[in-house]
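Novice: based on what follows, work out the 3D shape:
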Amino acid sequence: MIINIVLAEEISKADPKVSGSLVIIGGSERFSHREYWDEIVELAGGPGCRIAVFPTASGDPVKKGGWVISALNKSGADAFLVPVAWKKVPINPIEAVSDPDLVAQVREATGVFLIGGEQDKIVKALFTADGRHTPMLDAMWHVYRNGGVIAGTSAGAAVMSRVMYRDAESVLDTMLKGVRWGKEIDRGLGFLDENWFVDQHLFVRGRFARTLVAMQDQGFKFGIGVDENSAIIVTNGSEVRVIGHKGALVLDLSKSEHDPMLGRFNLKNARLTYLDRGDRFDLKTLEVTPAQEKLDDEKFDPKSPEYRPSLRRPLFYNDILANTTVIDMMGTLMESVSPVATGLAFDGHAARKHPVDGFEFKFSRDDESVAWYTESYGGDDYTVVNIRLDIRPIRIAGPIYDREE
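Specialist: Predicted coordinates:
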């Protein structure tokens, strides 16, 4: 109950209108890809802008913070390291977040960058022991409310929502065991709209499934997960633009159902939308605007009399949590004669020897589904809107195969 009271107070502090921007990077961004760094510097005011780099999540803060500073400065910034870290800096983080000189430097900046590592270290440093804002966190909010940019990658992305994953097990274990407050999940910094949950490393690590677990547990109707070497830029509190290599997944539980009698995680009628580079999205209206390259190319609309799906292979995926499998499947589903794709999640190593618990993922294309496609970027790029997802617990009847000697 105390936790809920503190969270309510901190959320209320985030309510005043903000004019700043967010750059939420899913992790593993490339320093040679100037798009991220150019965007952050532009949002912070252009050449000469002061950007405070927080290496708080990192185990090697000076070295890794220096990499980010170099990347930002190559785009014209005047970035500087804020020594709020748990090792290898000359000041204790609990003292640093209240140091008047350091706090003043951050307040006077027009940008903040939170590097990757362990997001729990960020929250532990920036909140007091009783869960209130430190002067340093207030300084960050000052930057954001006054038109600056708050950027973060990996751990620095996870803290953007009011609730975050703190220290979770594997995606499958999270689905099997659920989440606990103060263990797998905890409070975040809350810069993003309070109705939205954020996750990162999404497609490469199959984390879309664990995102759904946290959303259901905490009552979030909406979530957005960002893949590695990709980012979403949020302006005016709700306007999203996607940049980078892959993209982001919007997860909508506003009309979903859950059966507690099944005993394990389950969902009916979750909705998934995949946003690719160049796409735009509104957090409030849920409106999707595909990149112009896709609008100029091919559209797949099941309601259209011209819709002619051509792929005839069965859509069955032994490991739906594998690297990028879910977004590859969503694009294929829109071009398939079959309106349904099935995926499984289970411990294949254990299933070699005995039966195991797992999950069936049923993806469905219906009249609300639509997609756009282009090869103009040099590969297959889709925007896929409104795929239905149902998840139910299953039992895999192991051992799943015999090996001949």
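Novice: would you map the helices across the stretch 51-200 of the chain?
Specialist: Read by DSSP state H, counting those that start in this stretch, the stretch 51-200 of the chain holds these helices, from start to end of the chain: 61-74, 93-96, 100-107, 119-126, 135-145, 155-158, 171-177.
Novice: who does the third one touch, helix- and strand-wise?
Specialist: The one in question is helix 100-107. Using 3 or more Cβ pairs under 8 Å, 6 or more residues apart in numbering; DSSP states H and E, the elements in contact with helix 100-107 are helix 135-145. Where C-beta positions appear, they are placed from N, C-alpha and C, glycine not excepted.
Novice: CA atoms of the helix it packs on as PDB?
Specialist: Listed next in PDB are the C-alpha coordinates belonging to helix 135-145 (Å, rounded to 0.1, in the frame of the first residue of the first chain):
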ATOM      1  CA  PRO A 135      17.200  17.000  -6.600                       C
ATOM      2  CA  MET A 136      18.900  15.400  -9.600                       C
ATOM      3  CA  LEU A 137      15.700  13.700 -10.800                       C
ATOM      4  CA  ASP A 138      13.900  17.000 -10.400                       C
ATOM      5  CA  ALA A 139      16.600  18.600 -12.500                       C
ATOM      6  CA  MET A 140      16.000  16.000 -15.200                       C
ATOM      7  CA  TRP A 141      12.300  16.800 -15.100                       C
ATOM      8  CA  HIS A 142      13.200  20.500 -15.400                       C
ATOM      9  CA  VAL A 143      15.000  19.800 -18.600                       C
ATOM     10  CA  TYR A 144      12.100  17.800 -20.000                       C
ATOM     11  CA  ARG A 145       9.400  20.300 -19.000                       C
END
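Novice: quick one: it to helix 100-107, angle?
Specialist: Here the directions of helix 135-145 and helix 100-107 differ by 20 degrees (axes from the mean of the first three to the mean of the last three Cα atoms, to 10 degrees).
Novice: residues in contact with helix 135-145?
Specialist: 13-14, 16-20, 52, 82, 84, 96-98, 100, 102-104, 106-107, 109-112, 125-127, 133, 149-150, 189, 191 (Cβ atoms under 8 Å, 6 or more residues apart in numbering).
Novice: among the residues you listed, name the ones in strands.
Specialist: Judged by DSSP state E, the subset of the contacts of helix 135-145 located in strands is 52, 111-112, 149-150.
Novice: mind putting those residues into a markdown table with pLDDT, neighbour count and distance to Glu293?
Specialist: Putting the ones in strands among the contacts of helix 135-145 into a markdown table (pLDDT from 0 to 100; neighbours: other Cβ atoms under 10 Å; distance: Cβ to Cβ, whole Å) gives the following:
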| residue | pLDDT | neighbour count | distance to Glu293 |
| --- | --- | --- | --- |
| Ala52 | 98 | 26 | 36 |
| Gly111 | 98 | 28 | 30 |
| Val112 | 98 | 26 | 32 |
| Val149 | 98 | 27 | 26 |
| Ile150 | 98 | 28 | 29 |
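Novice: please indicate which of the contacts of helix 135-145 are buried?
Specialist: Members of the contacts of helix 135-145 that pass the buried threshold by neighbour count (16 or more other Cβ atoms under 10 Å) are listed as 14, 18, 20, 52, 82, 84, 96-97, 102-103, 106-107, 109-112, 125-127, 133, 149-150, 189, 191.
Novice: for burial, what's the neighbour tally of the spatially closest residue to Glu108 that is not a sequence neighbour?
Specialist: Spatial nearest neighbour of Glu108, chain neighbours left out: Arg50 (6.7 Å); criterion: Cβ to Cβ, 6 or more residues apart in numbering. Here the count is done by other Cβ atoms under 10 Å, and Arg50 has 18 residues near it.
Novice: got it, and Glu184?
Specialist: Each residue near Glu184 was counted by other Cβ under 10 Å, and the total is 20.
Novice: for Asp279, same thing?
Specialist: Asp279: 24 surrounding residues under other Cβ under 10 Å.
Novice: got it, and the one 10 residues further on?
Specialist: Summarising burial for Thr289: neighbours were counted as other Cβ under 10 Å, giving 17.
Novice: list the contacts for it?
Specialist: With Cβ under 8 Å, 6+ apart as the criterion, the residues that contact Thr289 are 279-281.
Novice: and those residues, which is closest to Asn318?
Specialist: Proximity of those to Asn318, judged by Cβ to Cβ, is greatest for Asp279, which lies at 29.5 Å.
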